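Colleague: heads up, no residue letters with this:
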């Protein structure tokens, strides 16, 4: 009976074998579950907009503007773009300015130094090639003076009163900026707002209460901006030798606004260590005094002697 069944299905088995063989599948592979699978996938590829697409879109946009009207397009923050993308964007601006005609005017506020640096060759230290690139792409350039020549003090007071009127020291911080402005190029509204934000952030985050705004500004403008050339110990110990003009005038400014050097130095120490006055003094002196004493380091003790609270911790 088995022989009859096999004989009856022999033709079907033969045809199936031929079909599988044509597809590259053998009976051995079939039973072993081996074979070649073909997988097809569809990938979504995002195409960047090229100059042709940009030109077509711009012409369509300009064509929709009524004849008696002009659209002013302001493209801001271009100097915040990554350097390798600036040249590409600058080329697109050339297309915009060329095809816009009278219906479309484009204003691009930017920092010439930042853009010229991004557009220049690596060996061009003066950024001459970048400046030439800017001139060729923009038909008309207006240069505005930095705020430093336009009475920035009044604007700074306005920002302070609008933001942090509860913090003392507006006039003193303005004097501090005046001292250090030669090393701040330039004094811009953005810079003034950053100073106020730094003062506000230090004031609200410090565990010591009623920190003076001038101490917050000194910590950021004098120490943070000039570290590591200016050490926190140099400020707190009132280093007298080899002072720059700015640092010397900073000490004089602090003395005019505080009863004693210990007062302002203690507040700056609190800001640096983010703690209260007692703990800040301990951080400043206890371990350095112990280390210098055990090592018979007379010079190290002498250098610490000007820091606030030295006499107290040395006796302890």
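Modeller: Looks like it arrived, so ask away. Remember, predicted model here, so these are calculated numbers, not experimental data. Numbers count the residues shown, from 1 in each chain.

Colleague: in the stretch 51-200 of the chain, what spans have low per-residue confidence?
Modeller: Applying pLDDT under 70 to the stretch 51-200 of the chain flags the ranges 139, 146-150, 185.

Colleague: and the helices in it?
Modeller: Along the stretch 51-200 of the chain, the stretches classed as helices by DSSP state H, counting those that start in this stretch are 51-63, 83-99, 112-119, 128-137, 152-163, 170-180, 189-205.

Colleague: what's the second one in contact with?
Modeller: Meaning helix 83-99. The contact list for helix 83-99 (C-beta atoms under 8 Å, 6 or more residues apart in numbering) reads 51, 54-55, 58-59, 62, 73, 75, 78, 81, 104, 106, 108, 115, 117-119, 133-134, 137-139. Placement of C-beta: from N, CA and C, glycine included.

Colleague: returning to what we had before: format the helices of the stretch 51-200 of the chain as a markdown table; extra columns: mean neighbour count and distance to residue 39.
Modeller: Rendered in a markdown table, the data for the helices of the stretch 51-200 of the chain read as follows (neighbours: other C-beta atoms under 10 Å; distance: least, C-beta to C-beta, whole Å):
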| stretch | mean neighbour count | distance to residue 39 |
| --- | --- | --- |
| helix 51-63 | 12 | 33 |
| helix 83-99 | 15 | 36 |
| helix 112-119 | 19 | 44 |
| helix 128-137 | 15 | 48 |
| helix 152-163 | 15 | 60 |
| helix 170-180 | 19 | 65 |
| helix 189-205 | 17 | 54 |
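
Colleague: need the pLDDT of the closest residue in space to residue 277 that isn't next to it in sequence.
Modeller: Closest residue in space to residue 277, ignoring its immediate chain neighbours: residue 266 at 5.1 Å, by C-beta to C-beta, 6 or more residues apart in numbering. pLDDT for residue 266: 83.

Colleague: pretty sure residue 266 is touching residue 280, no?
Modeller: Yes: contact status for residue 266 versus residue 280: in contact at 6.8 Å, counting by C-beta atoms under 8 Å.

Colleague: more neighbours, the two?
Modeller: residue 280 (26 against 22; other C-beta atoms under 10 Å).

Colleague: just give me the residue right at the centre of the chain.
Modeller: residue 80 (9.3 Å; C-alpha atoms, centre = their mean).

Colleague: residue 192 versus that one, what's the distance?
Modeller: Look at residue 80 and residue 192: by C-beta to C-beta, to the nearest Å, they are 19 Å apart.

Colleague: kindly report the same for residue 70.
Modeller: In terms of C-beta to C-beta, residue 70 sits 34 Å off from residue 192.

Colleague: same thing with residue 114?
Modeller: Taken as C-beta to C-beta, the span from residue 114 to residue 192 is 19 Å.

Colleague: repeat that for residue 52.
Modeller: Residue 52 is 44 Å from residue 192, by C-beta to C-beta.

Colleague: try residue 60
Modeller: From residue 60 to residue 192 the distance is 42 Å (C-beta to C-beta).

Colleague: same check, this time on residue 69
Modeller: 37 Å.

Colleague: how about residue 103?
Modeller: From residue 103 to residue 192 the distance is 38 Å (C-beta to C-beta).

Colleague: next: residue 143.
Modeller: On the measure of C-beta to C-beta, residue 143 and residue 192 end up 20 Å apart.

Colleague: so residue 306 touches residue 237, yeah?
Modeller: Yes: between residue 306 and residue 237 there is a contact under C-beta under 8 Å: 3.7 Å.

Colleague: higher neighbour count, those two?
Modeller: Between residue 306 and residue 237, residue 237 has the larger neighbour count (other C-beta under 10 Å), namely 19 against 16.

Colleague: residue 311 should be in a strand, yeah?
Modeller: No: counting by DSSP: H, G, I helix; E, B strand; the rest coil, residue 311 falls outside a strand, being helix.

Colleague: I'd like the next helix or strand past the helix or strand encompassing residue 218.
Modeller: Using DSSP states H and E, residue 218 sits in helix 213-218. Counting by DSSP H and E, the element after helix 213-218 in chain order, helix or strand, is helix 232-236.

Colleague: mind listing what's buried in that following helix?
Modeller: Across helix 232-236, burial judged by 16 or more other C-beta atoms under 10 Å covers 232, 234, 235, 236.

Colleague: can you name every helix or strand that the helix holding residue 218 contacts?
Modeller: Here helix 213-218 touches helix 170-180, helix 189-205, helix 245-257, helix 261-273, going by 3 or more C-beta pairs under 8 Å, 6 or more residues apart in numbering; DSSP states H and E.

Colleague: tell me which of those helices sits nearest to residue 223.
Modeller: Smallest distance to residue 223 across the helices and strands packed on helix 213-218 (C-beta to C-beta): 7.7 Å, for helix 261-273.

Colleague: roughly how far apart are the closest residue in space to residue 171 that isn't next to it in sequence and residue 192?
Modeller: Computed as C-beta to C-beta, 6+ apart, the closest residue to residue 171 that is not its neighbour in sequence is residue 157, at 8.0 Å. Separation of residue 157 from residue 192 (C-beta to C-beta) stands at 10 Å.
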